[in-house]
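Q: Next comes the sequence, and after it the predicted model I'd like to discuss.
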Amino acid sequence: MSECGGVCGSEPAEATEPKGLSRRAMLASLGGALAAIGLSALGETAAHAARTYSVCTTNSINVGSGKVFRPAGSSIYVLVTQPRKGVFRAFDANCNHNNLPVAGAAKNVAICNQHGSKFNADSGAVIAGPANLRLTKLKVVVSGGRVKVTF
């Protein structure tokens, strides 16, 4: 008898799943399916979650610093940092304490101007509160002198 007690068939789930389905393709398919059945808001959210945005050039971020951007077509503020030469990081720029964007980064520390929370510009970890959760890390790809972020 199969692991599912005969309810789902004789093949294990791993054998029936498609190979090579990327997160982006899955979310885009989910977004299309949800939109098709009338859940357009959820469909738009799922499709939006898989978008890649060209945020800035590599030359616009100095080593040890960072800047906040709002990519065209997005409602999310993104903090892009360069903690070490040639290494770029990106975070959802909203401080979790009051959900306001951090100001940027200098000397590898991102600071929220609202109440002074400080974050490590390499990891997003909290250095000083009142924030108690790290900044959410986003996927970064550098290509052709551009910093691209997926969220």
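A: Happy to help now that I have it. The structure displayed is predicted, hence computed values, not measured ones.
Q: quick one: low-confidence parts of this protein?
A: For the chain, applying pLDDT under 70 flags the ranges 1-50.
Q: Residue 69 bridge partners, please.
A: On the basis of DSSP bridges, residue 69 is bridged to residue 78.
Q: isn't it right next to residue 78, touching?
A: Yes: between residue 69 and residue 78 a contact is recorded at 5.2 Å, counting by Cβ atoms under 8 Å. Quick note: C-beta positions are derived from backbone N, CA and C, even for glycine.
Q: higher neighbour count, those two?
A: Using other Cβ atoms under 10 Å, the more surrounded residue of residue 69 and residue 78 is residue 78, with 25 against 22.
Q: mind listing what the more buried one touches?
A: By Cβ atoms under 8 Å, 6 or more residues apart in numbering, residue 78 lies in contact with 53, 55, 68-71, 90-93, 138, 149, 151.
Q: ok so, going back, overlap in contacts, residue 69 and residue 78.
A: If you check residue 69 and residue 78 against Cβ under 8 Å, 6+ apart, the residues they both contact are residue 55.
Q: rewinding a little: now the contacts of residue 78 in JSON lines, with secondary structure and distance to residue 126?
A: Below are the contacts of residue 78 laid out as JSON lines (DSSP: H, G, I helix; E, B strand; the rest coil; distance: Cβ to Cβ, whole Å):
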{"residue": "53", "secondary structure": "strand", "distance to residue 126": "26"}
{"residue": "55", "secondary structure": "strand", "distance to residue 126": "23"}
{"residue": "68", "secondary structure": "strand", "distance to residue 126": "18"}
{"residue": "69", "secondary structure": "strand", "distance to residue 126": "22"}
{"residue": "70", "secondary structure": "coil", "distance to residue 126": "23"}
{"residue": "71", "secondary structure": "coil", "distance to residue 126": "25"}
{"residue": "90", "secondary structure": "strand", "distance to residue 126": "18"}
{"residue": "91", "secondary structure": "strand", "distance to residue 126": "12"}
{"residue": "92", "secondary structure": "strand", "distance to residue 126": "14"}
{"residue": "93", "secondary structure": "coil", "distance to residue 126": "15"}
{"residue": "138", "secondary structure": "strand", "distance to residue 126": "17"}
{"residue": "149", "secondary structure": "strand", "distance to residue 126": "21"}
{"residue": "151", "secondary structure": "coil", "distance to residue 126": "21"}
